[in-house]
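Undergrad: Build me a model from this:
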Amino acid sequence: MISIIGLGNCGCNIAQKFSVYPQYKAYYINNNQYSGHKNQLWPEYRSPEEYEENCPDMSSFFEDIDEEVLFIVGGSAYISTASLKLLSCIRDKKISILYIKPDVEFLSETKKLVENCTFHILQEYARSGVFERIFLFENSSLEKMISNLTIANFYDKINDHIVPIIHMINVFDKTEPVMTSFSAIAPTSRICTIGTVDFSSGEEKMFFPLDTVREKRYYCGVNEEALENDSSVLGEIKKHLRLMPEDVRTSFSIYPTSYKDNFTYVVYYTSEIQTKNHARVE
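TA: Next up, the predicted model:
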């Protein structure tokens, strides 16, 4: 089982999406109540400094937490400044971070400072090995991939898009593939993002515009019947991988599924701290 910790509105809303799967239990830390494993209600402070200064000892709250943890946070929330203090309570666990980067161009000056600080500090801690890895997602990138987004459903539809994909990758990581070329990821490559792949067009769509990609892992879900009868599947995968630059280490694993359509997700890795302010450009 994987424990999911949601911090703030963004983190808790995504954590709640994970809670529908039996493989996870969710911990919510926010000013609002959520239905799930555990809730920790905090006062609503008026400044980011107050959240960090007033962060309580959460050791007892996390007493039944699993060995594997996914911590989810939106970087511009004032409550995000308590992230490191919270995570210090479970520093003996295998922690991955899911970081949601907002449209920074529309933030107030204070929230821009909070986001910039949280964005860089969590990456630095991941690269140093304190965290297993950090997944970077960006709302403006996801917005371009998802159709029929409205003001009312904007965040909910984005969350509905990303959570099943992360879940599927987690399932594949714990499943024996029918064929694989995976090998150990470089120990310094702990900053990553996820994307989708269309082998027919060769198009890849990244959930964050990651600079200086060093490694790519392709997770290919193939219908069980296609595994037996479709001789073109492996050729399509290899053809796509041959198009990758020589300085990018690429590998793939193929997993059987009961889904009608085949699908592929890719995890991109780098050791480089992402520094650009990826504001939306139309």
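Undergrad: Point out where the stretch 51-200 of the chain drops to low pLDDT.
TA: Filtered on pLDDT under 70, the stretch 51-200 of the chain yields no residues whatsoever.
Undergrad: can you map out the strands along it?
TA: Under the criterion DSSP state E, counting those that start in this stretch, the stretch 51-200 of the chain contains strands at 68-74, 94-101, 133-138, 179-180, 191-198.
Undergrad: mind giving me JSON lines with these and columns for mean neighbour count and distance to residue 228?
TA: Where you see a C-beta, it was placed from the backbone N, CA and C, and this is true even at glycine. Formatted as JSON lines, the strands of the stretch 51-200 of the chain follow (neighbours: other C-beta atoms under 10 Å; distance: least, C-beta to C-beta, whole Å):
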{"stretch": "strand 68-74", "mean neighbour count": "24", "distance to residue 228": "33"}
{"stretch": "strand 94-101", "mean neighbour count": "23", "distance to residue 228": "35"}
{"stretch": "strand 133-138", "mean neighbour count": "23", "distance to residue 228": "34"}
{"stretch": "strand 179-180", "mean neighbour count": "14", "distance to residue 228": "13"}
{"stretch": "strand 191-198", "mean neighbour count": "21", "distance to residue 228": "22"}
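Undergrad: Present these as JSON lines; the columns should include distance to residue 239.
TA: Listed next are the strands of the stretch 51-200 of the chain as JSON lines, based on distance: least, C-beta to C-beta, whole Å:
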{"stretch": "strand 68-74", "distance to residue 239": "33"}
{"stretch": "strand 94-101", "distance to residue 239": "31"}
{"stretch": "strand 133-138", "distance to residue 239": "28"}
{"stretch": "strand 179-180", "distance to residue 239": "15"}
{"stretch": "strand 191-198", "distance to residue 239": "12"}
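Undergrad: And stretch 207-226, end to end?
TA: 28 Å (C-alpha to C-alpha, to the nearest Å).
Undergrad: Show me which parts of that stretch are buried, residue by residue.
TA: 207-208, 210, 213-223, 226 (16 or more other C-beta atoms under 10 Å).
Undergrad: Okay, domains of the protein per the record?
TA: 2-171, 194-270 (automatic domain parsing).
Undergrad: closest to residue 179 out of those domains?
TA: Checking these against residue 179 by C-beta to C-beta gives domain 194-270 as the closest, at 4.6 Å.
Undergrad: mind checking how far the closest residue to residue 24 other than its chain neighbours is from residue 1?
TA: Nearest non-adjacent residue to residue 24, counting by C-beta to C-beta, 6 or more residues apart in numbering: residue 18, 4.6 Å away. To residue 1, residue 18 is 11 Å away according to C-beta to C-beta, to the nearest Å.
Undergrad: same check, this time on residue 122
TA: Relative to residue 1, and taking C-beta to C-beta, residue 122 is found at 24 Å.
Undergrad: Just want to know which of these two has more residues nearby.
TA: Comparing residue 122 with residue 1 by other C-beta atoms under 10 Å, the one with more neighbours is residue 122, at 24 against 11.
Undergrad: per-residue confidence at residue 278?
TA: What the model reports as pLDDT for residue 278 is 47.
Undergrad: Return the distance of the residue of the chain most remote from its centre relative to residue 223.
TA: Distance from the C-alpha centroid of the chain peaks at residue 229, with 34.0 Å (C-alpha atoms, centre = their mean). From residue 229 over to residue 223 the distance is 10 Å, taken as C-beta to C-beta.
Undergrad: same question, residue 259
TA: 6 Å.
Undergrad: Which stretches in the stretch 1-150 of the chain count as helices?
TA: Per DSSP state H, counting those that start in this stretch, the stretch 1-150 of the chain carries helices over the ranges 8-18, 48-53, 83-88, 109-127, 139-143.
Undergrad: Now do the last one: everything it contacts.
TA: Just to be clear, that refers to helix 139-143. Outside of helix 139-143, the residues within contact range by C-beta atoms under 8 Å, 6 or more residues apart in numbering are 100-103, 149, 154, 158, 161-162, 205-209, 278-280.
Undergrad: hmm, 7 Å instead?
TA: 100-103, 149, 158, 161-162, 206-209, 278, 280 (C-beta atoms under 7 Å, 6 or more residues apart in numbering).
Undergrad: Between the two ends of stretch 50-57, what distance do you get?
TA: 15 Å.
Undergrad: in that stretch, what's buried?
TA: In stretch 50-57, counting by 16+ other C-beta under 10 Å, buried: 50-52, 55.
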